[in-house]
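Participant: coordinates for the following, if possible.
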Amino acid sequence: MSNKNIENRWARTEWFRNARFGMFIHWGLYAIPSRGEWVRSKEKMPKEDYQRFFEEFKAEEYRPKEWAALAKKAGMKYAILTAKHHDGFCLWDTKLTDYKAPNTPAGRDLVREYVDAFRAEGIKIGLYFSIIDWHHDDFPHYEDRYHPMRENKNCGNEKRDFARYINFMHGQVRELLTNYGKLDIMWFDFSYEKMAGETWKAQELVNMVRSLQPDIIIDNRLEGSGEQSGTILTDNPSDYAGDFPCPEQMIPPEGIKNESGESIPWEACLTLNCNWGYSAADQHWKQADMVIRMLVECVSKNGNLLLNVGPDSKGRIPEASIKILEEVGLWMKKYSKSIYGCGISDFPKPEWGRFTQNGKMLYAHIYEAQAGAICLMNMDGKLIKARLLCDGSEVKISNKEWNLSEYKKHEFLFLKPGHGDNYPLPDKTDTVVEISLK
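Facilitator: Numbering: from 1, shown residues only. Predicted structure coming up:
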């Protein structure tokens, strides 16, 4: 491909496509009101009212080493922290604004501690950066689609210098890319209506990103959003289309391909409850079995799962989130071989679960016990052996049993060796059988 910024996309994203599982971390001032990260916009809160959270932000129990240990225990291979969300509050010691963590009671660079902690655990480092900023005086206020003051005529835009804002925004990205060593992901968020693409001087921004960190991968939201992917899905994407799209709060029905039908790298970003930022009232948790199946679904469609946690104002990941991730980690400890480095299978989705595949190794993710043997459709003569992935024990493959004589084009798995019927699945969430293909 001749487009200079995407011709090496496949090589750049190799580690990303092998990692498959990441941690998203939404944390900032919005953890104090505890009504989600969009609280200022949704409640049309004036800057002066939001300021009190800045003055209260202490982060007294912020221990990123514990966050990193939890991510590793869950089997996550990369992490992305909200260095700055839409409210404009910066978790790092930026030199371009006073609206930053070192100026709160927390009194220090919180991004630095995150980077050091996760890097020490061997986890790839990503930073989320909002390209919109509700705090900056030069960002459009009145009649902007999302600004808290969008309906306040007294907040007109006549004296706002958007070019000055763009220089500020680019300068902050430069800081993040130069002050923390090698970064692996720059996760921009987000574009809408006319606020997209070259409105952000996106070509100039991407050129700077690539010049400072040639191997970094970026998402598609300099021109896209959770609503639409932008030109990354076309055969002629823009230079700033990004390396991967990131559908939000859903898993694409058939994965993501470009208009020529070619699979492209992607990740689905989803919350553990219903909010990204901390919300004390939101106890609608996705349990571990659902998270595991979400992860398997993403991998089976050539994608990643980026799963969010929202620490509270003190810096603590909620106990419910910890419990869920620890349970996911127990499953990953046994079955991660069916996740890392795997992708879409050569075979259609089975009715009892899903397939993932890595070369000649096929992984049958069995969700539902069957009345008899488990059917592998149209696989006669294509299999060598099958083993339970958790302990390596043999799983019998046959289509020669007395009641299978009319189904010779298929193969069947017998999870209880020597018997023609099955017993309850060894793992009720997802029993994985590793199948060697010819």
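Participant: mind checking what secondary structure the residue nearest to the spatial centre of the chain has?
Facilitator: Computing the C-alpha centroid of the chain and ranking residues by C-alpha atoms, centre = their mean puts Leu306 first, at 2.0 Å. Here Leu306 is recorded as strand under DSSP: H, G, I helix; E, B strand; the rest coil.
Participant: can you pull the contacts of it?
Facilitator: Gly22, Met23, Phe24, Ile80, Cys246, Glu267, Ala268, Cys269, Leu270 (C-beta atoms under 8 Å, 6 or more residues apart in numbering). The C-beta positions use only the backbone N, C-alpha and C, and glycine is treated the same way.
Participant: who does the first one bridge with?
Facilitator: Counting by DSSP bridges, Gly22 is bridged to Tyr78, Leu306.
Participant: that one contacts Tyr78, correct?
Facilitator: Yes. The criterion here is C-beta atoms under 8 Å, and Gly22 meets it with Tyr78 at 4.2 Å.
Participant: identify the contacts common to these two.
Facilitator: Lys124, Gly126.
Participant: strands of the protein, residue ranges please.
Facilitator: Remark: strands assigned in the chain by DSSP state E are 21-25, 78-84, 124-130, 185-189, 217-218, 267-271, 304-309, 353-358, 361-366, 374-376, 383-388, 396-398, 411-414, 431-437.
Participant: looking at those strands, which is buried most?
Facilitator: When those are scored by mean count of other C-beta atoms under 10 Å, the highest mean neighbour count falls to strand 78-84 (a mean of 26).
Participant: about what we covered before: with distance to Lys333 and mean pLDDT as added columns, please give the strands of the chain in TSV.
Facilitator: Output for those, formatted as TSV (distance: least, C-beta to C-beta, whole Å; pLDDT from 0 to 100):
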stretch	distance to Lys333	mean pLDDT
strand 21-25	13	98
strand 78-84	18	98
strand 124-130	20	98
strand 185-189	25	98
strand 217-218	27	97
strand 267-271	22	98
strand 304-309	17	98
strand 353-358	17	98
strand 361-366	16	98
strand 374-376	24	95
strand 383-388	14	97
strand 396-398	26	93
strand 411-414	23	94
strand 431-437	12	98
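Participant: could you dump these into a markdown table and include distance to Gln283?
Facilitator: As requested, these are exported to a markdown table (distance: least, C-beta to C-beta, whole Å):
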| stretch | distance to Gln283 |
| --- | --- |
| strand 21-25 | 19 |
| strand 78-84 | 22 |
| strand 124-130 | 25 |
| strand 185-189 | 26 |
| strand 217-218 | 34 |
| strand 267-271 | 13 |
| strand 304-309 | 15 |
| strand 353-358 | 29 |
| strand 361-366 | 29 |
| strand 374-376 | 36 |
| strand 383-388 | 35 |
| strand 396-398 | 44 |
| strand 411-414 | 39 |
| strand 431-437 | 30 |
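Participant: outline the domain layout of this protein.
Facilitator: Domains of the chain are assigned by automatic domain parsing as 9-338, 353-437.
Participant: out of those domains, which is the most enclosed?
Facilitator: domain 9-338 (a mean of 19).
Participant: can you pull out the helices in the stretch 251-400 of the chain?
Facilitator: Assigned helices in the stretch 251-400 of the chain, in chain order: 288-300, 319-335 (criterion: DSSP state H, counting those that start in this stretch).
Participant: the first one vs strand 361-366, what angle?
Facilitator: Meaning helix 288-300. Between helix 288-300 and strand 361-366, the angle comes out at 140 degrees (axes from the mean of the first three to the mean of the last three C-alpha atoms, to 10 degrees).
Participant: tell me how far stretch 18-32 lies from the chain's centre.
Facilitator: Centre-to-centre, stretch 18-32 and its host chain are 8 Å apart (C-alpha atoms, centre = their mean, to the nearest Å).
Participant: CA atoms only: put it into CSV for me.
Facilitator: Extracted in CSV, the C-alpha atoms of stretch 18-32 (Å, rounded to 0.1, in the frame of the first residue of the first chain):
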residue,chain,number,x,y,z
ASN,A,18,-1.1,-11.1,19.5
ALA,A,19,-1.9,-9.5,22.9
ARG,A,20,-5.7,-9.6,22.4
PHE,A,21,-6.6,-8.3,26.0
GLY,A,22,-6.0,-4.9,27.5
MET,A,23,-7.1,-2.8,30.4
PHE,A,24,-8.7,0.6,29.9
ILE,A,25,-8.5,3.0,33.0
HIS,A,26,-10.8,6.0,33.2
TRP,A,27,-9.7,8.1,36.2
GLY,A,28,-9.8,11.8,36.9
LEU,A,29,-11.7,14.6,38.8
TYR,A,30,-15.0,13.1,37.7
ALA,A,31,-14.4,10.2,40.2
ILE,A,32,-15.3,12.6,43.0
